[in-house]
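# Here is a sequence with its predicted model. Questions after.
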Amino acid sequence: MILILGGTTEGRIAVRTLEEAGKPFYYSTKGDEQEVIMHHGIRLQGAMDELDMERFCRKQSIALIVDAAHPFAEQLHRTVEAVSMKLTLPVIRFERIYPPRDEKNITWCHNFDDAIRQIREQEIFILLALTGVQSIAKLKPLWQENACCYFRILDRESSRRLAAREGFPEEHLHYYHDGEDERHLIQKLHPEAILIKESGRSGGFSEKVEAALAEGIRIFAICRPNMPNSFIPIEGEHGLRRMVEKLLPDFYPLRSGLTTGTCAAAAAVAATWDLFNIQRQSRPKEFPVTLPNGETIFVLVEKQEFFPHSDFLNDDWMMETNASVIKDAGDDPDITNGMEIRANVAVPFRLDDPAPKDTPVDDYTVIVCGGEGVGIVTMPGLGLEVGGPAINDTPRKMIEDNVKRCLKTLRIPKQPNPYAITISVPGGEEIARRTFNPRLGIEGGISIIGTSGIVKPFSSEAFVDSIRKSMEVGRATGSPRIVINSGAKSEKYVRGYYPQLPPQAFIHYGNFIGETIKMAAELNIKALTLGIMMGKAVKLAEGNLDTHSKQVTMNKDFLREIAFTAGCSEDVQTVIEKITLARELWTLLSDNDLRAFCKHLLQLCHRHCDPLLPQGELTILLISEEGEIIT
């Protein structure tokens, strides 16, 4: 069993991540205010001291603790550390993502006592504290003096009771509501300064700083406390799942993996580190990669067999090195699993003084190229330059951004020449012949792809089971509608279409459209929305309820039939002949032809899907790459 200590945004994410396993776990919060919908999790409420937690862990055979509590819950962290040491339990610390402490306009304070001291020294009289109701007691020496202090707290009865217990004047309390802009409160109160905690991205730290700076208000920030060294830090849902898979291999029925883009980024970071390992420090086994969602994971990189070397060239040194990652796709069937993803980093370089710590990441210029085994784009329509390497936009940006972060961390000075990152995949040309790359106009190798950086095992019975569990959770929220989407991209656009629905109402079907609609019927879902993008829609319209690319590809003859039946102009037939991907129709068809084509396309999709939901109402939303929606 796993015990999550939550009550935070991170706690909610941890619950959602563990729910994917379909196995029971415990979720503990101090109070009962947080609403969390769980299908398999068991809710616990009430604070636990060290003895209570030890007894609970022994009785329930807890094998792993996930500490997703607030970073300033110091007593709880100490309790978890003591219990974990006594029972030899691993602890995953679900850490928040924190912006760097490079904001020159912030006065950093070690703790609340230090904040009181510095506020006094700077003679601040009117202070707005955005540090929560618990901090009223900690700042009592300040507000009991002649200082005029305001506190913004949550609009809860428990918060009001805490403030009243400390004797804080009610007229100086202001209540936080979801979506509130701190700037409005600052403009209303005109404080000389604000006091905030280093609460990370999910705590709105950056928004508070930006609001104060915009109004010319001084900022005092309390540094987050250090976590015990024994805790294993992760930053998000992907890192949590990967760490649970490592520590408790039997918890998830299938193991997640890495995209080729993440492997390439990790290899590029390792090669960059190797290039500038001037001190010859011991090389780590794993290197950090920041994923598109902002969280950082660590990726195993092969032992270094090539060492940085330099060649004298035009009064400069040409420096280069290589690093490799072996692709691990987890339990998802992937033809590239086990392949070597290699990165070569080269730059004409003269080592000058190290860059200042506040050197902007954008000061570095990084160019990503394709080498052996990476395909070349020969046809338009993929959103990539014809003649260029088949490295998609998201992994390309991941490689660039992660190399820049590594250069900044190492304090490498800006160079007049760019850093050239060449990605290669030995054996990629042979593997590519067994994919659909040749049909898409990609020749000579595989594509470097991935939108999230993580491969979840979609093509499996376990994934279908996870869809069912997600739908059961969505139904339990009482949502008037369930929305199914192929993935995160389409979900982002459809969430804007249904802003009033709870997060649990949005469910990913991957490629299993038919299976998912049948589940909705079995669960008596009365209102179901299917969000779908053009590529899957044309496959579905032909009657393919499983739209995986390994099962079915785009049928141009069928597209011509749709256009003809829809009454599109003759020009559309010529357009269809030239396209590589169905999504190109969004930009290549005229407005009239596009409306007619999409209308008939949706009619065909309804023809195959409506019978699967006989007692419910099905809405199908056709979504463009830019988020345009046609119903």
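Alright, I've got the coordinates.

# in the stretch 451-600 of the chain, what spans have low per-residue confidence?
In the predicted model of the stretch 451-600 of the chain, residues 458-463, 465-466, 547-553 satisfy pLDDT under 70.

# Going by residue numbers, what spans are strands in it?
In the stretch 451-600 of the chain, strands defined by DSSP state E, counting those that start in this stretch lie at 454-455, 482-485, 506-508, 527-533, listed in chain order.

# looking at those, which is closest to A329?
Within the strands of the stretch 451-600 of the chain, the stretch nearest A329 is strand 454-455; the backing value is 5.3 Å (Cβ to Cβ). Where C-beta positions appear, they are placed from N, C-alpha and C, glycine not excepted.

# and the closest one, what does it pack onto?
Counting contacts by 3 or more Cβ pairs under 8 Å, 6 or more residues apart in numbering; DSSP states H and E, strand 454-455 is packed against strand 257-258.

# State the mean pLDDT of the helix or strand following the strand it packs on.
Sequence order places helix 260-275 as the next helix or strand after strand 257-258, per DSSP states H and E. In this model, helix 260-275 has a mean pLDDT of 95.

# ok, and for helix 260-275, which residues are buried?
260-275 (16 or more other Cβ atoms under 10 Å).

# rewinding a little: could I get the strands of the stretch 451-600 of the chain as TSV with mean neighbour count and distance to G381?
TSV is the format used below for the strands of the stretch 451-600 of the chain (neighbours: other Cβ atoms under 10 Å; distance: least, Cβ to Cβ, whole Å):
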stretch	mean neighbour count	distance to G381
strand 454-455	23	25
strand 482-485	26	23
strand 506-508	22	25
strand 527-533	24	15
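
# now for these, which one comes closest to D328?
Distance to D328, taken as Cβ to Cβ, is lowest for strand 454-455 among the strands of the stretch 451-600 of the chain, at 8.7 Å.

# and that closest one, which strands flank it?
Note on strand 454-455: by DSSP bridges, its sheet partners are strand 257-258 (antiparallel).

# which one's the longest helix in the chain?
Longest helix in the chain by number of residues, with DSSP state H as the criterion: helix 591-609.

# I'd like the mean pLDDT over the helix or strand following that helix, please.
Sequence order places strand 617-623 as the next helix or strand after helix 591-609, per DSSP H and E. Averaged across strand 617-623, the pLDDT comes to 95.

# same for strand 617-623, what does it pack against?
On a contact count with 3+ Cβ pairs under 8 Å, 6+ apart, strand 617-623 meets helix 488-497, strand 527-533, helix 591-609, strand 629-630.

# that older thread, among the strands of the stretch 451-600 of the chain, which comes closest to R433?
Across those, closest to R433 is strand 454-455 (Cβ to Cβ), at 21.8 Å.

# residues in contact with that closest one?
Contact with strand 454-455 is made by H238, R242, S256, G257, L258, T259, T262, L291, A329, G330, D332, D334, as judged by Cβ atoms under 8 Å, 6 or more residues apart in numbering.

# make it 7 Å
The contact list for strand 454-455 (Cβ atoms under 7 Å, 6 or more residues apart in numbering) reads H238, S256, G257, L258, T259, A329, G330, D332, D334.

# Just to check, the fifth one is in contact with I448?
It stands for T259. No - counting by Cβ atoms under 7 Å, T259 stays clear of I448, with 8.4 Å between them.

# Find the nearest non-adjacent residue to L18, please.
Distance criterion Cβ to Cβ, 6 or more residues apart in numbering; nearest residue to L18, sequence neighbours excluded, is F25 at 5.1 Å.

# Tell me which residues touch the one you found, please.
M1, I2, I4, L18, H40, G41.

# where does the stretch 251-400 of the chain dip in pLDDT?
278-280, 305-317, 349-362.

# tell me the strands in it, going along the chain?
257-258, 286-290, 296-300, 309-313, 316-326, 340-349, 366-370, 376-377.

# Need the ones you listed in JSON lines (columns: mean neighbour count and distance to L189).
Converted to JSON lines, the strands of the stretch 251-400 of the chain look like this (neighbours: other Cβ under 10 Å; distance: least, Cβ to Cβ, whole Å):
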{"stretch": "strand 257-258", "mean neighbour count": "26", "distance to L189": "48"}
{"stretch": "strand 286-290", "mean neighbour count": "20", "distance to L189": "37"}
{"stretch": "strand 296-300", "mean neighbour count": "19", "distance to L189": "37"}
{"stretch": "strand 309-313", "mean neighbour count": "10", "distance to L189": "59"}
{"stretch": "strand 316-326", "mean neighbour count": "20", "distance to L189": "52"}
{"stretch": "strand 340-349", "mean neighbour count": "23", "distance to L189": "51"}
{"stretch": "strand 366-370", "mean neighbour count": "19", "distance to L189": "45"}
{"stretch": "strand 376-377", "mean neighbour count": "20", "distance to L189": "56"}
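
# Nearest to D114, out of the ones you listed?
Closest approach to D114 among those (Cβ to Cβ): strand 296-300, 28.7 Å.

# residues making contact with that closest one?
Contacts for strand 296-300 (Cβ under 7 Å, 6+ apart): 235, 238-239, 242, 258, 262, 266, 285-291, 325.

# tell me the pLDDT at L89?
97.

# Over to T435?
T435 carries a pLDDT value of 78.

# T259 and I448: who's more crowded?
I448 (30 against 26; other Cβ atoms under 10 Å).

# What residues are recorded as beta-bridge partners of the more buried one?
Beta bridges link I448 to I391 when assigned by DSSP bridges.

# I'd guessed it sits against A264; true?
Yes - with contact defined as Cβ under 7 Å, I448 reaches A264; the gap is 5.4 Å.

# mind giving me the domain split of this structure?
What automatic domain parsing lists as the domains of the chain is 2-97+228-247, 106-222, 257-455, 461-630.

# For L410, report the pLDDT, please.
Looking at L410, its pLDDT reads 87.

# wait, what's in contact with it?
F276.

# For it, grab phi and psi.
Per-residue torsions, L410: phi -80, psi -10 (degrees, to the nearest 10).

# what's the spacing between it and T8?
According to Cβ to Cβ, to the nearest Å, L410 and T8 sit 33 Å apart.

# Could you pull up the contacting residues of I367?
P418, A420, I421.

# quick one: the first one and V366 touch, right?
Yes - taking contact to mean Cβ under 7 Å, the distance of 6.4 Å between P418 and V366 places them in contact.

# Using CSV, write out every CA atom in the longest helix of the chain.
Included here for helix 591-609 are C-alpha records, laid out as CSV according to Å, rounded to 0.1, in the frame of the first residue of the first chain:
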residue,chain,number,x,y,z
ASP,A,591,-13.8,28.1,-46.5
ASN,A,592,-16.8,26.8,-48.4
ASP,A,593,-15.1,23.5,-49.3
LEU,A,594,-13.9,23.0,-45.8
ARG,A,595,-17.3,23.5,-44.3
ALA,A,596,-18.9,21.1,-46.7
PHE,A,597,-16.2,18.5,-46.3
CYS,A,598,-16.2,18.7,-42.5
LYS,A,599,-20.0,18.6,-42.3
HIS,A,600,-20.2,15.3,-44.3
LEU,A,601,-17.1,13.9,-42.4
LEU,A,602,-18.9,14.5,-39.1
GLN,A,603,-22.1,12.8,-40.4
LEU,A,604,-20.1,9.7,-41.3
CYS,A,605,-18.5,9.7,-37.8
HIS,A,606,-21.9,9.9,-36.2
ARG,A,607,-23.1,7.1,-38.4
HIS,A,608,-20.5,4.7,-36.9
CYS,A,609,-20.6,6.1,-33.3
